[in-house]
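A.B. asks: build the 3D model from these lines:
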Amino acid sequence: METTLVFFSQLSMCESKEKTFFKLVHGLGKEETSKEAKIRAKEKRNRLSLLLQRHEFHEGTHSSTSGDWAKHTRVSPEEAVKWGESFDKLLSHKDGLEAFTRFLKTEFSEENIEFWIACEEFKKSKEPQQITLKAKAIYEKFIQNDAPQEVNLDFHTKEITAKSITQPTLQSFDVAQSRVYQLMEQDSYTRFLKSDMYLDLTEGRPQRPTNLRRRSRSFTYNEFQDVKSDVAIWL
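C.D. replies: Predicted structure coming up:
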């Protein structure tokens, strides 16, 4: 009897220890899971906040700059009408270039005109060292993959330009500049001529703040969708 009692007592103790261990591990697992969930929720909140701040920053900046230009421009309707005759006439006029640049900013595609302007300035370089430094800077800013203001160029054009700047000349960006010029002329320029900004100028009407057409590239649909799907975690 004594032996039997001792045996059941040991079994009971082992069982109790196993249950205690299981509860301890299970409890830690729950706690760990809860901590991870809170961390993920915090990261998603911070991420959404950053995205919204970027979007609001771009919206506020572009709206205000468009409004400021509208208040101070003195372009005559006759001069503005000439911009509609050709893309060259628009770009050759100081106010026309400025108006078109501001229009592109509302579409978040100002890198195209900025690249074109950079190429025009590059062609004025005289010193060999200056040509080399400027060519590298333009390539890294506008053309190389993942450049901060990468323009939309096909692979062949990029390849030609990359080879050309190994020993840069004043013609190194001619092919790329021509390609971007064509894209602007066939796409953005036609929309500019139909925009309120341009029509107001040609008709002598007070300029109105230009509405944004697209979201900033930093605020992509996929990123927002990923955050939105877990909105219940924040509540």
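A.B. asks: show me where the protein has helices.
C.D. replies: 2-72, 77-83, 87-92, 94-106, 111-122, 128-138, 155-164, 174-183, 189-194, 196-202, 221-228 (DSSP state H).
A.B. asks: tell me the angle of the fourth one relative to helix 111-122?
C.D. replies: So that's helix 94-106. Put simply, helix 94-106 runs at 140 degrees to helix 111-122, going by axes from the mean of the first three to the mean of the last three CA atoms, to 10 degrees.
A.B. asks: for helix 94-106, which positions count as buried?
C.D. replies: Going by neighbour count (16 or more other CB atoms under 10 Å), the buried part of helix 94-106 is 95-97, 99-106. C-beta here means a position set from N, CA and C on the backbone, and glycine is covered the same way.
A.B. asks: out of the helices of the chain, which gets the lowest mean score?
C.D. replies: Lowest mean pLDDT within those: helix 221-228, at a mean of 35.
A.B. asks: I figured residue 80 hits residue 202, correct?
C.D. replies: Yes - Residue 80 lies in contact with residue 202 (CB atoms under 8 Å); the separation is 4.6 Å.
A.B. asks: neighbour count for these two, which is higher?
C.D. replies: residue 80 (23 against 18; other CB atoms under 10 Å).
A.B. asks: grab the nearest non-local neighbour of that one.
C.D. replies: If the residues on either side of it in the chain are set aside, residue 80 comes closest to residue 201, at 3.9 Å by CB to CB, 6 or more residues apart in numbering.
A.B. asks: how near is residue 179 to residue 127?
C.D. replies: 27 Å (CB to CB, to the nearest Å).
A.B. asks: so for the two, which sits in the more crowded spot?
C.D. replies: Set residue 179 next to residue 127 and count neighbours by other CB under 10 Å: residue 179 wins out with 19 against 9.
A.B. asks: which residues touch the residue nearest to that one when sequence neighbours are not counted?
C.D. replies: Closest residue to residue 179 apart from its sequence neighbours, by CB to CB, 6+ apart: residue 157 at 5.3 Å. Shown in contact with residue 157 (CB atoms under 8 Å, 6 or more residues apart in numbering): 175-176, 179.
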